[in-house]
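K.L.:
Model the following, please.
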Amino acid sequence: MFQAGELIVYGSSGVYRVLDVGNINISGCEDKLYYTMTPVFGTGTSYVPVDTGVYMRSIMTHEQAEGLIDEIPTISEGEFYDRNPKAIKEHYSTSIKSHDCKKILGMIKEIYHKSERAKRLNKKLSRIEQQYMTQAEDLIYGELALALDIPRDSVLEYIRSRLDSKM
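P.N.:
Residues are numbered from 1 along each chain as shown. So this is what the prediction gives:
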């Protein structure tokens with residue numbers, strides 16, 4: 001069970017701060033324990049049953065974040081070229097729902113390379129690919145920002161400089 005003050009990854013929604021663990025004063029919910037949480041990079045409050053089936057884990061440590069960044073060059077990207085919107089959505093949704101940072105980074109690399117190819121051909125990514133790229137970056141960069149204690153908008157620059165220093 002998570003404790004008040006902990007930062008956790010909540011499903012595919014991103015990083016949340018647990019504000020409280022306990023009963024809530026909502027009719028029909030008094031007999032269950034709930035996490036009262038708020039998104040770190042958003043607004044609002046969520047009440048989630050402690051025994052929920054939604055994926056939750058503590059955010060990675062500083063050392064794990066540094067290790068993940070060091071692995072980026074070796075993370076393979078997929079090669080998915082189907083043009084069917086339903087197939088595209090299913091492909092990227094599978095990576096996001098895996099909750100595996102390496103798979104999500106592989107997806108980011110895949111979409112980035114597709115974007116670069118599209119630019120060379122004076123084309124754009126599909127709206128679906130753009131949406132999944134944004135979601136994947138929000139998930140990974142948000143968690144890395146907190147684990148590394150840097151601003152969210154500095155994460156990509158941090159990754160690039162760390163990888164450049166390794167070469």
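K.L.:
Let me know whether my guess that Ile8 is in a strand holds.
P.N.:
Yes. Ile8: assigned to a strand according to DSSP: H, G, I helix; E, B strand; the rest coil.
K.L.:
what residues are up against it?
P.N.:
Phe2, Val15, Tyr16, Arg17, Val18, Met37, Met56, Arg57, Ser58, Ile59 (CB atoms under 8 Å, 6 or more residues apart in numbering). (Each C-beta comes from the backbone N, C-alpha and C, glycine too.)
K.L.:
On the pLDDT front, check the second one for me.
P.N.:
Confidence per residue is given as pLDDT, and for Val15 that number is 97.
K.L.:
Closest one to Asn122 out of the contacts of Ile8, please.
P.N.:
Distance to Asn122 across those (CB to CB) is lowest for Val15, with 37.0 Å.
K.L.:
Neighbours of the closest one, how many?
P.N.:
23 (other CB atoms under 10 Å).
K.L.:
Who are the contact partners of Gln130?
P.N.:
Neighbours of Gln130 in contact, by CB under 8 Å, 6+ apart: none.
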